[in-house]
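S.K.: Provide a 3D model corresponding to the input given below.
(one chain, ligands or ions: 1)
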Amino acid sequence: MKLVVIGCGFAGVEVVGAIRKLLSKDELEITMIDPRTRLEYQASHPEILSGKVTPEEISGDLAKFAAKHDATFVNKAVESVDFDKKVVKVGEEEIPYDYLVIATGGQCTFFGVPGADKSYTVNTLADAVRTRKALEKLDLNKEVKIAVIGAGLTGVEVVGELNDYFKEKNAKNAKIYLIEAMDKVLPPFKDNVSNYVRKFFEDRGVEIMTSKGVKSIDGGHIVLADGTELDTDMVIWTCGIQCSSLATTFGLENVRGWIVTDEYLRAKGKDDVFVIGDAASVEIDGVLCGKNVEEAEKQGQTAAVNIANLIKGKPLKKYKPVNTVSDPRAFISLGENKAVMVFKGMMFKFMAYRLKKFIEHHYMKRFD
Ligand SMILES: Cc1cc2nc3c(=O)[nH]c(=O)nc-3n(C[C@H](O)[C@H](O)[C@H](O)COP(=O)(O)OP(=O)(O)OC[C@H]3O[C@@H](n4cnc5c(N)ncnc54)[C@H](O)[C@@H]3O)c2cc1C
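M.R.: Numbering: from 1, shown residues only. Below you'll find the predicted structure:
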């Protein structure tokens, strides 16, 4: 039997690691495909800005991972899939599969805001490194203004790391603006978390502007929907992801590009195609899964069990969501080696940052 995994982020890597524990290389040939050579630990991208981590520390060698799991790694982008012929097309090559896993994640979206695509981001490791380099070019002897657009998880973490960066450089004239279209910081989270984080940053001089949609960006010049204009030295865009461009070409049932799965994580109507991680729209018994690392990993584990069960003629396992849109859980770092952990709507501060870093270090060990 042949398994092909498209996309080797958190979900793709997890499905390979989990299925190799269930099936030997004689039972299952695995091909992993990704245009990147390294898995990117996106949750730590904001720390590239403060220099707390290096790109090498928060990325893992995919070829090495594949070799450790008796899999073949193809370092290319998939261009299309022929679901009838059961082949994945990579350049001139056609790679056959019995089972396919689509784990192509998401990509940054600028919601069509004019000029937004010219701003800085931290979505990919290369983006984060580019943003750090731009920070280093700012003349900190003068007054410097930086706008972070989007006060979701990434925007908040970016602000925390910018604070640390400016503190380390003793840049007393640096001003950070956090701009959010919704009426609060961290919109998906409960008010206890939002209010705590808002006060944490306000106490450190960050100017938080909520209920302020961005209409256009021209270099550092930002025009808000209410007509307010703001001149800054640098704009960092941290809001919004959309489905990967490849996933939108498959013609599979989708919600705004995210591929709809059944309760076993198969693409609707396709018995041999699993979709996991950010690329998937997974709703089980009315509960919509979040797009986060925990979900990507759990979905990878369930897909692995289900592929093994199909091969062995056993019944499929229904997926149980763990980190949902209605009840999100997360570690949110705030700079100063501080973080909050959100679990079942409650917020925990003690040891949260150390636990977050422990999880990162533990995760990256699988690439050693
Ligand atoms: C800056 C940032 C910070 C984040 N912080 C957190 C956090 O603190 N906590 C949390 O839980 N989540 C966080 N997330 C979200 C989390 O990273 C994602 O939910 C998670 O990465 C999803 O895993 P995935 O495997 O579905 O996608 P990804 O990890 O994005 O992997 C997708 C892979 O598919 C590959 N791919 C794309 N197109 C193709 C193609 N055509 N052919 C082959 N391969 C392809 C990509 O190269 C990539 O390697 C953050 C995301 C970002 C961007």
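
S.K.: going forward, measure contacts and count neighbours with C-alpha atoms only.
M.R.: Fine.

S.K.: The closest residue to V15 other than its chain neighbours and the ligand: what is the separation?
M.R.: Residue nearest to V15 in three dimensions, not counting chain neighbours: G300, with 4.2 Å by C-alpha to C-alpha, 6 or more residues apart in numbering. Per C-alpha to the nearest ligand atom, to the nearest Å, G300 is found 9 Å from the ligand.

S.K.: do V159 as well
M.R.: 12 Å.

S.K.: and if you look at S281?
M.R.: 11 Å.

S.K.: Tell me the residues of the stretch 1-150 of the chain that contact the ligand?
M.R.: Residues of the stretch 1-150 of the chain lying close to the ligand by C-alpha under 6 Å from any ligand atom are 6-12, 33-36, 39, 42-43, 45, 77-79, 103-106, 122-123.

S.K.: hmm, which of those are the buried ones?
M.R.: 6-12, 33-34, 36, 39, 42-43, 45, 77-78, 103-106, 122-123 (16 or more other C-alpha atoms under 10 Å).

S.K.: now, which of those lie within helices?
M.R.: Counting by DSSP state H, those place F10, A11, G12 in helices.

S.K.: P96: which of those residues is nearest?
M.R.: Set against P96, the nearest of these by C-alpha to C-alpha is G12 (17.6 Å).

S.K.: Could you point out the longest helix of the chain?
M.R.: In the chain, with assignment by DSSP H, the single longest helix is helix 293-312.

S.K.: Now for I259, how many residues are close by?
M.R.: 26 (other C-alpha atoms under 10 Å).

S.K.: what about it, distance to the ligand?
M.R.: Distance from I259 to the ligand, by C-alpha to the nearest ligand atom: 12 Å.

S.K.: Return the residues in contact with that residue.
M.R.: When contacts are counted by C-alpha atoms under 8 Å, 6 or more residues apart in numbering, I259 touches A247, L252, E253, A267, V275, A279, A280, S281.

S.K.: Now rank the residues you listed by neighbours and give me the top one.
M.R.: V275 (33 neighbours).

S.K.: burial count for the residue nearest to that residue when sequence neighbours are not counted?
M.R.: Leaving aside its chain neighbours, V275 sits nearest to I102 (4.7 Å; criterion: C-alpha to C-alpha, 6+ apart). Neighbourhood size, I102 [other C-alpha under 10 Å]: 24.

S.K.: Adding pLDDT, write the ones in helices among the buried ones among the residues of the stretch 1-150 of the chain next to the ligand out as a markdown table.
M.R.: A markdown table is the format used below for those (pLDDT from 0 to 100):
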| residue | pLDDT |
| --- | --- |
| F10 | 98 |
| A11 | 98 |
| G12 | 98 |
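
S.K.: any idea which of these is closest to T154?
M.R.: Proximity of those to T154 (C-alpha to C-alpha) peaks at F10, which lies at 17.2 Å.
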